[in-house]
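[1] okay, predicted coordinates and the sequence, questions at the end:
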Amino acid sequence: MKITVETLFAPKDTPKTFLQTAQSLQLQGKPDWSENIDQYLYGNSITEDD
């Protein structure tokens, strides 16, 4: 006789994806942060020629 037990739900320690982790942080910021990241990080002025 062989008995197999399977769970119906994913284990609680299933790794989260990057997007799930990012959403769970609920970060707040200016809408243009991704376009102007250098200015926000380093204080560099942004020009169209760069």
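    It's in.
[2] in which helix or strand does the residue most central in space within the chain reside?
    Centroid check for the chain by C-alpha atoms, centre = their mean gives residue 22 as the closest residue, at 2.6 Å. Residue 22 belongs to helix 18-25 when elements are defined using DSSP states H and E.
[3] and what of residue 38?
    helix 37-42.
[4] I'd like the average pLDDT over that helix.
    Averaging pLDDT along helix 37-42 gives 86.
[5] show me what it is packed up against.
    The contact analysis (3 or more C-beta pairs under 8 Å, 6 or more residues apart in numbering; DSSP states H and E) places helix 37-42 against no helix or strand. (Each C-beta comes from the backbone N, C-alpha and C, glycine too.)
[6] pull out the buried residues from that helix.
    By 16 or more other C-beta atoms under 10 Å, helix 37-42 has no buried positions at all.
[7] for that helix, list the C-alpha coordinates in PDB.
    Taking C-alpha atoms only, helix 37-42 is exported to PDB below (Å, rounded to 0.1, in the frame of the first residue of the first chain):
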ATOM      1  CA  ILE A  37      17.600  59.300 -11.200                       C
ATOM      2  CA  ASP A  38      21.100  60.800 -11.700                       C
ATOM      3  CA  GLN A  39      19.900  64.200 -10.600                       C
ATOM      4  CA  TYR A  40      18.200  62.800  -7.500                       C
ATOM      5  CA  LEU A  41      21.200  60.700  -6.500                       C
ATOM      6  CA  TYR A  42      24.100  63.000  -7.400                       C
END
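[8] helix/strand/coil for residue 16?
    Secondary structure, DSSP: H, G, I helix; E, B strand; the rest coil: residue 16 is coil.
[9] many thanks, I have nothing further to ask.
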